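Novice: Got a sequence here, can you build the structure:
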Amino acid sequence: MTIRAGLAGGAAALAWLVGVTMAPAQTPPASAGQSGPVLSPTASGGLSLDQLAMMDRVGDPRLSPDGHRVLYSVRTTDWAANRGAGSAWVIEADGASRRLPASEGGVSSARWSPDGQAIYFLSSRGGSSQVWRTDRDGQAATQVTALPIDVTAFRLTPDGRTLVVAIAVFADCDDLACSNDRLKAEAAAVSTVRAFDRLPLRPWDSWNDGRRNHLFAMPLNASGLAAGEARDLMAGVDGDTPGRPQGDDGEFAISPDGRRIVFSTQMQGRTEAFTNDTDLYSASIEGGPPVNLTDGNPAPDSNPVFSPDGHQLAWLAGRRENVFGDQAVVMVGNVDGSGARALAPGWDRGPGGLRWRSDGRALYVVAAENGQQKLFEIDARTGAVRTVTGDGTVSGFDEVGGRLVVARDGFGGPAQIVDASGPAGRPLTRHNAELLAGVDLPAAEPFTFAGWNGEPVQGWVFKPAGYVEGRRYPAVYLIHGGPKSPWTDGWSYRWNPQIYTGAGYAVVMVNFHGSPGFGQAFTDAINDHWGDRPLEDLQKGWQSALAGNRFIDGDRACAVGASYGGYMVNLIAGKWNGPWQCLVNHAGVFDVGQLMNAMDIATFVAEFGGPSWERADLYREFSPNTWVDDWSKPMLVLHGSRDFRVPIEQSLGTFSALQRRGIESRFVLATDENHWVLKPRNWIDWQQEILDWTSAHTREEAPAAEEVPARP
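Specialist: As a prediction, the model looks like this:
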């Protein structure tokens with residue numbers, strides 16, 4: 001798992017995060033020097049769009065079995081191809097860090113072999129996603145699997161003799177050839193008509209083609225290559241492992257003796273789309289029907305992990321069905337699921353990324369806490385919880401023999417690999433040090449105010465880059481999505497406040513009610529209250545930020561949000577538009593009832609306590625289209641055509657309403673993007689549209705907005 005750490009910000013934070021004086025330099029990649037944008041700070045000395053787009057993205061640290069070396073991933077930007085490129089790096093025992101030559105052609109999910117003498121990884125260099133292998137020094141790559149269908153995830157058994165791979169297949173097929181033949185037949189068909197009998201229709205950004213992610217076991221020969229047929233460990237199972245659309249290898253685990261596999265999936269048939277109840281199933285690596293271990297819990301069971309001695313199984317168990325933001329509890333029981341007990345049941349945080357400590361005496365989890373995402377250690381016997389990391393965001397970690405490494409970042413800089421075995425933490429990498437040298441990254445200044453019901457609510461204020469005491473600056477109010485996805489002290493490649501500080505803005509961010517990391521009651525407060533309690537927090541947070549920071553010019557401010565944040569921008573347009581010179585709405589919600597019936601998650605109606613026809617008054621009260629008569633402020637609307645989480649019709653409805661009312665507005669379409677804007681050049685153009693819009697409406701003597709004639 002990866003760990004991120006946020007620091008105070010500014011030059012001191014940057015020095016710590018990139019390890020300017022402490023970490024050894026990286027050996028530059030062989031492909032360094034590729035053509036791309038000019039990487040320089042903004043006019044104010046802050047972070048530019050080009051700099052952020054071209055950064056090395058560091059993560060996924062993996063200690064070698066002896067604990068001496070660290071394998072980790074780096075995602076770079078291939079500007080010419082307009083995409084990301086993955087590579088594997090190793091930190092040697094002497095501290096030197098280098099890119100593995102076998103990375104040419106792309107690498108993802110790099111993992112040590114059990115004996116530490118080889119590295120396995122996924123790559124599409126052969127035309128499809130397959131498992132590859134290289135020696136411990138990463139010199140040459142050899143293809144391990146040559147399956148007719150892409151491999152999406154894998155694990156090795158502890159003895160190194162069997163490879164378990166995840167492949168999307170038709171569940172009624174007896175072998176991979178059958179699935180492959182059916183895919184070819186569908187691709188060759190002249191007619192494009194497709195029929196569906198059940199949900200989900202289109203998870204995330206693609207239409208459901210009827211396949212299921214299944215786990216297959218493949219024997220490995222003495223050279224570590226696949227030898228023999230792939231055996232379906234989920235034969236006949238009408239379920240996915242990993243789950244779609246963004247599951248990973250954390251959803252299945254192999255016992256230390258290599259004989260059993262435990263995986264998380266759903267098997268509710270036609271009602272599957274209407275519940276988030278996943279269960280853990282155990283199956284023999286040799287094959288046979290899986291056995292449900294957690295049938296008694298109607299909420300999600302996930303993230304299974306065997307204890308190092310193989311005697312216990314731990315997992316994360318939800319407490320309530322269909323409650324988004326429900327904090328899971330760590331369960332520990334026998335490997336057959338019996339004798340299960342909750343560890344730290346009273347701990348009021350939401351754990352994720354569960355792993356055993358290598359001595360079996362404790363477990364590690366990550367959890368949001370008060371605007372940070374920290375690593376915690378839970379005693380396996382007593383349930384006592386100990387905080388391992390401080391400020392910042394933890395995005396990955398690994399531990400072997402008492403050595404703990406993490407990937408962590410913060411508002412002050414991007415992720416680095418850090419040796420967290422000691423109390424202070426020692427940076428092991430310094431990626432992006434040269435790129436960020438001299439860049440002004442203003443500190444995040446936390447503040448707390450009394451929000452809804454008088455309860456404390458946390459937020460941050462950032463000064464603009466190049467800040468001069470006594471001057472007043474325009475501001476952007478960044479509103480997070482989810483809605484149960486908090487702002488944490490971390491480095492984002494989608495919504496990074498430093499992009500706005502670099503453009504000369506003060507930035508305000510608030511973790512309104514509904515944000516995780518402040519206790520279950522705080523998160524639950526948004527249920528059935530999408531449109532009032534968070535809005536009250538945002539209103540009070542804005543007033544608090546203005547009162548405590550005289551450099552913010554409240555008369556030159558824009559509210560910016562995406563997804564739920566875009567929903568809130570639409571609601572603000574009708575219910576609180578007074579303070580704003582402009583609004584920015586990416587993938588936001590216009591008609592809540594229509595959204596809940598058309599989005600890719602059928603269980604999301606639980607946010608409103610039921611479907612729109614059962615709670616019509618609540619939906620109407622909190623749906624932005626109810627308040628269009630009061631819209632008046634200029635709005636920029638942005639959306640991706642492949643977005644099935646918030647379908648594009650929501651933004652089309654928003655833009656249509658703006659145009660009909662004669663309100664200055666602009667619609668920006670990314671035809672090949674989903675709920676996120678991922679292609680580097682698209683991302684820069686998309687962000688530039690936002691900066692151009694906010695600049696045009698917050699300059700000191702902005703001309704009067706030209707109104708669009710109202711449509712009849």
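Novice: Need the mean per-residue confidence for the helix or strand harbouring Leu404.
Specialist: Using DSSP states H and E, Leu404 sits in strand 403-410. Taken as a whole, strand 403-410 has an average pLDDT of 98.
Novice: Return the set of buried residues in stretch 545-555.
Specialist: Ala545, Leu546, Asn549, Phe551, Ile552, Asp553, Gly554 (16 or more other C-beta atoms under 10 Å). (Glycine included, C-beta is placed from N, CA and C.)
Novice: All the strands of the stretch 101-250 of the chain, residue numbers only.
Specialist: Assigned strands in the stretch 101-250 of the chain, in chain order: 108-112, 118-123, 130-135, 141-143, 151-156, 162-169, 212-219, 231-232 (criterion: DSSP state E, counting those that start in this stretch).
Novice: about what we covered before: now, among the buried residues of stretch 545-555, which is nearest to Leu691?
Specialist: Asp553 (17.2 Å; C-beta to C-beta).
Novice: Tell me if I am right that that closest one is in a strand.
Specialist: Yes. Asp553: assigned to a strand according to DSSP: H, G, I helix; E, B strand; the rest coil.
Novice: how far away is the closest residue to it other than its chain neighbours from Ala506?
Specialist: Excluding its sequence neighbours, the residue lying closest to Asp553 (C-beta to C-beta, 6 or more residues apart in numbering) is Arg472, at 4.2 Å. Distance of Arg472 to Ala506, given as C-beta to C-beta, to the nearest Å: 9 Å.
Novice: Select the longest helix from this protein.
Specialist: helix 680-698 (DSSP state H).
Novice: I'd like to know which elements that one is packed against.
Specialist: helix 49-53, strand 473-479, helix 497-502, strand 552-562, strand 582-586, strand 635-640, strand 665-670 (3 or more C-beta pairs under 8 Å, 6 or more residues apart in numbering; DSSP states H and E).
Novice: Strand partners (parallel or antiparallel) of the fourth one?
Specialist: The reference is to strand 552-562. Note on strand 552-562: by DSSP bridges, its sheet partners are strand 473-479 (parallel), strand 582-586 (parallel).
Novice: what's in contact with it?
Specialist: 461, 472-481, 494-495, 506, 508, 542, 545-546, 567-569, 572, 579-588, 690, 693-694, 697-700 (C-beta atoms under 8 Å, 6 or more residues apart in numbering).
Novice: before we move on, back to that, figure out which of the strands of the stretch 101-250 of the chain is closest to Arg381.
Specialist: Here strand 151-156 is closest among the strands of the stretch 101-250 of the chain (C-beta to C-beta), at 27.8 Å.
Novice: just checking, next helix/strand downstream of the host helix or strand of Leu280?
Specialist: Secondary structure assigned from DSSP H and E places Leu280 in strand 279-284. The helix or strand immediately downstream of strand 279-284 is strand 291-292, counting by DSSP H and E.
Novice: what distance separates that next one from the centre of its chain?
Specialist: Centre-to-centre, strand 291-292 and its host chain are 30 Å apart (C-alpha atoms, centre = their mean, to the nearest Å).
Novice: So what are the sheet partners of the helix or strand just after that strand and their directions?
Specialist: Note on strand 291-292: by DSSP H and E, the next helix or strand toward the C-terminus is strand 301-306. Partners of strand 301-306 in the sheet, by DSSP bridges, are strand 312-317 (antiparallel).
Novice: Surely Arg620 touches Trp613?
Specialist: No. Using C-beta atoms under 8 Å, Arg620 is not in contact with Trp613; the gap is 11.8 Å.
Novice: Looking at those two, which has the bigger crowd around it?
Specialist: Legend: neighbour count by other C-beta atoms under 10 Å for Arg620 and Trp613, higher for Arg620 (13 against 9).
Novice: where does the more buried one land in three-state SS?
Specialist: Using three-state DSSP, the structure places Arg620 in helix.
Novice: Run a quick neighbour tally on the residue lying closest to it once chain neighbours are set aside.
Specialist: Spatial nearest neighbour of Arg620, excluding adjacent residues (C-beta to C-beta, 6+ apart): Thr626 at 5.4 Å. Number of residues near Thr626 (other C-beta under 10 Å) recorded here: 17.
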